[in-house]
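> Kindly generate the corresponding structure for this input.
(chains A and B)
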There are 2 protein chains.
Amino acid sequence: MKDVAAAAGVSLKTVSRVVNGESNVNDDLRSAVLESIAELGFRRNASARDLRQGRSGTIGLLLEDVADPFYSMLSRAVEEVAREHGTMVFAGSSAEDPDRERDLALAFCERRVDGLIIVPAGTSHSYLLPEMRAGIPAVFVDRPPGDIEADMILTDNLGGSRRGVEHLLGHGHRRIGFIGDAPEIYTAGERLRGYREALESAGIAFSDDLVTQAPPSPTSTADALDRLLEGPSPATAVLCGNSRTTVSVLRELARRSARLALVGFDDVELGDLLQPGLTVVAQDPGAMGAAAARLLFQRIAGDTAGPTQTVTIGTRLIPRGSGELPAP
Amino acid sequence: MKDVAAAAGVSLKTVSRVVNGESNVNDDLRSAVLESIAELGFRRNASARDLRQGRSGTIGLLLEDVADPFYSMLSRAVEEVAREHGTMVFAGSSAEDPDRERDLALAFCERRVDGLIIVPAGTSHSYLLPEMRAGIPAVFVDRPPGDIEADMILTDNLGGSRRGVEHLLGHGHRRIGFIGDAPEIYTAGERLRGYREALESAGIAFSDDLVTQAPPSPTSTADALDRLLEGPSPATAVLCGNSRTTVSVLRELARRSARLALVGFDDVELGDLLQPGLTVVAQDPGAMGAAAARLLFQRIAGDTAGPTQTVTIGTRLIPRGSGELPAP
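Model (predicted):
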């Protein structure tokens, strides 16, 4: 601003008046200021302005992996709502590492975000309490926070998983496997519960032999399929607990030319073009992101006295062929 | 800091010394300060600190769509390099709208990003010149900037497209179609050039009848296939100019039970599981994002005197079946 004032031959006060849109400035002086602003490429310092107003016009979005299609769709939905509020989004990936999650969340807070949307990797979030008390609301998505109370947006994991298993039961299957992510991941646990409940409601005993819980990898998938397909009474169907597992299982089944009725939890692109088409319990990451962002901006706008909210987003079963293969 | 000082019963100066890690503080006082910081949830104001230092520790990443797999992989690679530099990433989508691109880029600048990585939607970027002169370097990715000189990271679109067509020629095809994105998009134009050059090198006349250039949609794809498959001398193969077009063409071919040899530009998840597998000219969005971020941080670190750089990242042809269907 000093440079602008010098170039325009006016006082700093005059530059400030023009920049702040005050009316009590002579037209010639205003023109001179505007011209020298254009020349110097001066841009109003939004950071400084926002700091004075106690708002940064930014939010932090902490995902497991910004490159994962589920999270990238969620991210875009958050961005659209943020845009309506004139707010920019910091995005970062925890890579399923609690330390990295904590570092990123606190780095966002250091940069004075107005709020946080977090897909938690860790199970302890008390590190956020001082920030939340200092007025940075946090909304958790996909998984609940550990050891603190906060707003959260979840998929109906249990109901969706249950519906997927019921669908397979409806096609005559009795030996149904479950291949899910590591048991410490909340969604993996809920989906296993849904699997178990559906079996038990149908009077079928739950058997550990049919269940694998491990981070998706080609090796873990091959092992899981070995267990399901070997033995005197092999599985005839499988519920895959997440899209990465689904893809990994599809690759392994193709390699073995093996056939299993299959329902995947979470949709994958091109699932409709496979042969048979991929039957899935679809989540709605766009709806989750939008709901999270709307709730966050409601909190940022001052709705902080009310109780915490849990929003559960329903799933949709999309039959395309793989889940309708009949039991032998 | 005043509150911390009051709670700890020490001077503001002492709090400042503890926060700044200075050693000349009595251990008891230091403990008192740390305790009251913990109690009050005090966090050093990174924004204020960075403003004083002239750095914000942030960069802006402007993509066409953060939800698109190509851009989300690029985004993750940028994030990893930014992380090595202790820098946070603002991410935003232009949605192929030049006004939105400009608004976002300038909003990032208002928030004093240290640099910009831009997938341009518009063809004029002189609006960035004042920002760049004021010390905010910009690196363009995937497409060059319009009307300004700047660093850029591009895919070898022409060479990749040429190689895709040569691959189809090698399998006996002479009537090869091209379905690409809108002609004003740089990558679409380059890929059309590669298609044309490959044909002409093989002594095959270029024919407008075999070319469609339009934003990918089910309607435009159906029209394009109508044109390719009708008439006395239908196409026997097609090069799809981008992954959304590829997916759209695959869906339409499945609906019609029609068969065409097909090479897609840019890979898609599950392409290996289709029947036949999808042959693609694969780009490397991770390499592009990492190269863009490395060049940007080199500029931020002060390497601003050197000439602008263009980095061209090579493509890889992955044969999986669809591109190896022989000509009838």
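> Now that we're looking at the spatially closest residue to A:Ser233 that is not a sequence neighbour, what pLDDT does it have?
Once flanking residues are discounted, A:Ser233 sits nearest to A:Arg175: 6.1 Å by Cβ to Cβ, 6 or more residues apart in numbering or on different chains. Just so you know, the C-beta spots here come from the backbone N, C-alpha and C atoms, and that holds for glycine as well. pLDDT recorded at A:Arg175 is 97.
> wait, what's in contact with A:Arg175?
A:210, A:233-237 (Cβ atoms under 8 Å, 6 or more residues apart in numbering or on different chains).
> hmm, try it at 7 Å
A:Arg175 is in contact with A:210, A:233-236, counting by Cβ atoms under 7 Å, 6 or more residues apart in numbering or on different chains.
> May I ask which two of these are separated the most?
Taking Cβ to Cβ as the measure, those span a maximum distance of 10.8 Å, between A:Leu210 and A:Thr236.
> what ranges of chain A fall below the confidence cut-off?
The model of chain A has pLDDT under 70 over residues A:21, A:37-54.
> Geometric centre of it: which residue is closest?
Centrality entry for chain A: nearest residue to the mean C-alpha point is A:Tyr71, 4.6 Å, by Cα atoms, centre = their mean.
> For that one, give me its contacts.
A:63-65, A:119.
> So the closest residue to A:Tyr127 other than its chain neighbours: helix, strand or coil?
Closest residue to A:Tyr127 apart from its sequence neighbours, by Cβ to Cβ, 6+ apart: A:Arg102 at 5.6 Å. Counting by DSSP: H, G, I helix; E, B strand; the rest coil, the backbone at A:Arg102 sits in helix.
> tell me, how many neighbours does A:Arg102 end up with?
19 (other Cβ atoms under 10 Å in any protein chain shown).
> The residue in the stretch 51-200 of chain A that chain B sits nearest to: how many residues sit nearby?
Here the stretch 51-200 of chain A gets closest to chain B at one residue, A:Pro130, 2.7 Å apart by Cβ to the nearest Cβ. Neighbours of A:Pro130 under the rule other Cβ under 10 Å: 18.
> tell me which element it falls in.
According to DSSP states H and E, A:Pro130 maps onto helix A:129-133.
> ok, then the element right after that helix?
Per DSSP H and E, the first helix or strand lying C-terminal to helix A:129-133 is strand A:138-141.
> for the helix or strand following that following strand, packing partners?
Per DSSP H and E, the first helix or strand lying C-terminal to strand A:138-141 is strand A:151-155. Contacts defined by 3 or more Cβ pairs under 7 Å, 6 or more residues apart in numbering or on different chains; DSSP states H and E place strand A:151-155 against strand A:138-141, helix A:285-300, strand A:310-313.
> which outside residues touch the first one?
Strand A:138-141 is contacted from outside by A:74, A:115-120, A:128, A:132, A:150-153, A:288, A:292, A:295-296, using Cβ under 7 Å, 6+ apart.
> Return the members of those classed as buried.
A:74, A:115-120, A:128, A:132, A:150-153, A:288, A:292, A:295-296 (16 or more other Cβ atoms under 10 Å in any protein chain shown).
> neighbours around the residue nearest to A:His173 when sequence neighbours are not counted, how many?
Spatial nearest neighbour of A:His173, chain neighbours left out: A:Ala237 (3.9 Å); criterion: Cβ to Cβ, 6+ apart. If you count neighbours by other Cβ under 10 Å, A:Ala237 ends up with 27.
> Assess the claim that A:Ala237 and A:Leu260 are in contact.
Yes - between A:Ala237 and A:Leu260 a contact is recorded at 6.0 Å, counting by Cβ atoms under 7 Å.
> before we move on, back to that, restricted to strands, list the contacts of A:Tyr71.
Of those, the ones assigned to strands by DSSP state E are A:Leu63.
> Looking at the contacts of A:Tyr71, state which has the most neighbours.
A:Leu63 (28 neighbours).
> Quote the end-to-end distance of stretch A:124-134.
19 Å (Cα to Cα, to the nearest Å).
> How much space separates the nearest residue to A:Gly135 once chain neighbours are set aside from chain B?
Once flanking residues are discounted, A:Gly135 sits nearest to A:Thr304: 7.9 Å by Cβ to Cβ, 6+ apart. Distance of A:Thr304 to chain B, computed by Cβ to the nearest Cβ, to the nearest Å: 15 Å.
> if I look at A:Thr304, how far off is A:Cys109?
According to Cβ to Cβ, to the nearest Å, A:Thr304 and A:Cys109 sit 16 Å apart.
> okay, the two: which has more neighbours?
Taking other Cβ under 10 Å, A:Thr304 and A:Cys109 do not tie; A:Cys109 has more neighbours (22 against 11).
> Without its sequence neighbours, what residue ends up closest to that one?
A:Glu131 (4.6 Å).
> Please report how far that neighbour lies from A:Leu169.
46 Å.
> next one: A:Ala254
25 Å.
> ok, and which of the contacts of A:Tyr71 reach chain B?
A:Asp65 (Cβ under 7 Å from any Cβ of the partner chain).
> Closest to B:Thr308 out of the contacts of A:Tyr71?
Nearest to B:Thr308 out of the contacts of A:Tyr71 is A:Asp65 (Cβ to Cβ; 32.2 Å).
> Stretch A:3-23 close to chain B?
No - Stretch A:3-23 lies apart from chain B when judged by Cβ under 7 Å from any Cβ; the minimum separation is 10.6 Å.
> And that stretch, end to end?
22 Å.
> Doesn't A:Ser56 lie inside a helix?
No - going by three-state DSSP, the assignment for A:Ser56 is coil, not a helix.
> That one is in contact with A:Cys109, isn't it?
No - using Cβ under 7 Å, A:Ser56 makes no contact with A:Cys109, being 10.4 Å away.
> In its sheet, which strands sit next to the host helix or strand of A:Val238, and in what direction?
Using DSSP H and E, A:Val238 sits in strand A:237-240. Paired neighbours of strand A:237-240 in the sheet (DSSP bridges): strand A:176-180 (parallel), strand A:261-265 (parallel).
> Please tabulate the ones you listed in JSON lines, including the columns mean neighbour count.
Compiled in JSON lines, those are given as follows (neighbours: other Cβ atoms under 10 Å in any protein chain shown):
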{"stretch": "strand A:176-180", "mean neighbour count": "27"}
{"stretch": "strand A:261-265", "mean neighbour count": "27"}
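> out of those, which comes closest to A:Ser16?
Closest among the strands paired with strand A:237-240, using Cβ to Cβ: strand A:261-265, at 57.3 Å.
> how big is the angle separating that closest one from strand A:151-155?
160 degrees (axes from the mean of the first three to the mean of the last three Cα atoms, to 10 degrees).
> Contacts for strand A:261-265, please.
Strand A:261-265 is contacted from outside by A:160-161, A:164, A:167-168, A:171, A:173, A:191, A:236-243, A:246, A:249, A:278-281, A:322-323, A:325, using Cβ under 7 Å, 6+ apart.
> Fine, thanks again, bye for now.
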